[in-house]
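Student: when you get a sec, could you give me coordinates for this:
(one chain, ligands or ions: 1)
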Amino acid sequence: MRYSNKVFGLRGLIQGIEDKRKRPQITMEEIFGAGLIMALGQLGSLNALEQIKKQSYWQRWLGAGLASADTLGRGFSNTDADSIRKAVRHAYSRLKRNKALEPADAGMIALIIDGHESNRSQLRCCSGCLKRRLHTRDGIKRENYHRHVMAGLLCKGACLPLDMEPQRPGEDEVSCAMRLLTRVLKAYPRAFDLILADGLYMRAPFFKLARKYKKDVIAVLKDERRDLLKDAKGLFKQEKPKFYQDGKVERQCWDIEHFTSWEQLGREIRVVCSLERKRVKRQKTKKIHYESSEWIWASTISKQRLSTEDFVKFGHGRWKIENNGFNELVNYWHADHVYCHNPAAIEAFGLLTMLAYILFHAFIGRNLKAVIRHKYTKKHLARMITAEIYPCGNFIPP
Ligand SMILES: [Zn+2]
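Tutor: Coordinates of the predicted model:
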């Protein structure tokens with residue numbers, strides 16, 4: 001916490017949070033500060049936080065004792081998520097100013113957009129719940145669930161979650177993503193050059209929105225019914241591919257520009273295909289196997305701006321961030337946990353988890369000496385932080 005306060009001015013961030021509530025039981029500083037400690041300590045529940053209520057540092061950290069789990073839950077239900085977004089934006093600015101965010105490839109930083117289902121329940125429901133019918137052995141059952149779209153930056157060796165937007169009842173993922181993208185484009189106009197998305201986002205309005213702000217898009221092209229894919233596959237048969245080796249992967253790539261088959265988009269588009277063969281040594285049998293895969297992407301970016309090799313790296317970058325960045329948020333940072341089943345609280349906790357993730361990675365990446373960073377796993381370092389919060393530790397907040 002000392003690091004977060006010194007480098008990111010965390011205390012100022014917390015004190016600057018706008019309080020729109022009419023008769024608050026506890027201050028926003030108490031709610032936000034307690035939630036952030038819970039997230040940084042990866043405690044995973046408000047009840048776990050309540051169990052360390054007697055620690056003396058709460059007075060120093062929050063200027064008050066720790067409220068009960070119920071009070072904090074109610075507080076988060078009335079939290080203004082934009083205040084937390086401002087805190088994430090501030091953390092990003094500090095990292096950018098300190099040159100901590102280096103371009104991934106070809107001097108570019110990409111924004112990854114991806115949808116995610118956070119939780120489901122057949123019993124509990126709130127005004128933000130999406131609904132679906134499940135055909136089970138016992139007949140049709142109704143299920144309530146939450147989905148949101150996340151936006152994160154793909155930088156060199158790092159993933160930086162920036163924002164999330166809950167999917168509203170009755171709307172599809174791409175509409176939700178466009179609302180998120182509009183906000184991100186306004187809040188972070190110069191943070192990225194490219195947008196990476198999966199096959200679902202091959203929609204003309206999504207591409208047009210990105211181009212309006214002069215950003216290029218790379219999206220997976222996999223819908224066999226599309227004229228663009230049919231045309232591209234036809235041309236790939238006539239063109240000679242480019243062969244190259246990328247580590248353990250042999251690539252055979254076709255890269256063609258100026259397709260006009262996507263009429264709704266109203267502009268030319270580039271299609272890149274990569275047939276890949278990866279050499280894998282099986283641990284059990286020690287035998288060498290080859291895994292093959294085919295990837296096709298469509299993009300607005302020209303060959304002049306992004307070479308085939310760098311294009312393919314970015315295409316796979318989306319997959320990398322899904323596995324390393326977003327999965328880490330879910331598996332270690334409890335991003336999917338429903339701390340309080342209320343739409344505002346779910347959004348606030350999601351954003352707070354992103355902020356905790358940024359602070360933690362900034363701490364280990366920028367503050368720890370390389371020898372310590374390489375000696376211990378991220379999980380071990382996170383556990384050391386958790387241990388500091390418990391009575392046996394010597395956690396001393398500023
Ligand atoms: Zn709900």
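Student: ok, E328 touching Y357?
Tutor: Yes. If you go by Cβ atoms under 8 Å, E328 and Y357 touch, sitting 7.4 Å apart. The way it works is simple: take the backbone N, C-alpha and C, and place the C-beta from them, glycine included.
Student: between the two, which has more neighbouring residues?
Tutor: Set E328 next to Y357 and count neighbours by other Cβ atoms under 10 Å: Y357 wins out with 23 against 18.
Student: run the chain-centre distance for the strand or helix carrying that one.
Tutor: Taking DSSP states H and E as the definition, one finds Y357 inside helix 343-362. When distances are taken as Cα atoms, centre = their mean, to the nearest Å, helix 343-362 is centred 10 Å away from the chain's centroid.
Student: now for it, which elements pack on it?
Tutor: For helix 343-362, the elements it packs on are helix 2-8, helix 28-40, helix 69-77, helix 81-97, strand 139-155, strand 158-166, helix 327-331, judged by 3 or more Cβ pairs under 8 Å, 6 or more residues apart in numbering; DSSP states H and E.
Student: check whether the fifth one comes near the ion.
Tutor: Going back to what we said before, that points to strand 139-155. No. Strand 139-155 does not reach the ion (Cβ under 5 Å from the ion); its nearest approach is 5.5 Å.
Student: and K141, how many neighbours does it have?
Tutor: 11.
Student: quick check: it touching L134?
Tutor: Yes. Between K141 and L134 a contact is recorded at 4.8 Å, counting by Cβ under 8 Å.
Student: dump the helices and strands packed on helix 343-362 to JSON lines, plus mean pLDDT.
Tutor: Below are these laid out as JSON lines (pLDDT from 0 to 100):
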{"stretch": "helix 2-8", "mean pLDDT": "59"}
{"stretch": "helix 28-40", "mean pLDDT": "86"}
{"stretch": "helix 69-77", "mean pLDDT": "89"}
{"stretch": "helix 81-97", "mean pLDDT": "91"}
{"stretch": "strand 139-155", "mean pLDDT": "91"}
{"stretch": "strand 158-166", "mean pLDDT": "91"}
{"stretch": "helix 327-331", "mean pLDDT": "84"}
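Student: can you report how many residues neighbour C273?
Tutor: 22.
Student: F236 too?
Tutor: So F236, with other Cβ under 10 Å, has 18 neighbours.
Student: so what's it up against?
Tutor: By Cβ atoms under 8 Å, 6 or more residues apart in numbering, the contact set of F236 is 254, 256, 273.
Student: which one of these is nearest to the ion?
Tutor: Closest approach between those and the ion, by Cβ to the ion: C273, at 41.0 Å.
Student: name the nearest residue to G128, ignoring sequence neighbours.
Tutor: P343 (2.9 Å; Cβ to Cβ, 6 or more residues apart in numbering).
Student: where's R97 relative to A91, distance?
Tutor: According to Cβ to Cβ, to the nearest Å, R97 and A91 sit 11 Å apart.
Student: now the helix holding Y357: mean pLDDT?
Tutor: Over the span of helix 343-362, the pLDDT mean works out to 91.
Student: gap between the closest residue to M354 other than its chain neighbours and the ion?
Tutor: Closest residue to M354 apart from its sequence neighbours, by Cβ to Cβ, 6+ apart: P161 at 4.1 Å. According to Cβ to the ion, to the nearest Å, P161 stands 22 Å off from the ion.
Student: likewise for F76?
Tutor: When F76 is compared with the ion (using Cβ to the ion), they lie 14 Å apart.
Student: can you pull the contacts of the spatially closest residue to that residue that is not a sequence neighbour?
Tutor: Leaving aside its chain neighbours, F76 sits nearest to A345 (4.1 Å; criterion: Cβ to Cβ, 6+ apart). By Cβ under 8 Å, 6+ apart, the contact set of A345 is 73, 76-77, 79, 339.
Student: tabulate these (CSV), appending neighbour count.
Tutor: CSV is the format used below for those (neighbours: other Cβ atoms under 10 Å):
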residue, neighbour count
G73, 19
F76, 24
S77, 16
T79, 26
Y339, 25
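Student: pick the one among those closest to I372.
Tutor: Nearest to I372 among these is Y339, at 31.5 Å by Cβ to Cβ.
Student: surely the closest one meets L43?
Tutor: No. If you go by Cβ under 8 Å, Y339 and L43 don't touch, sitting 10.2 Å apart.
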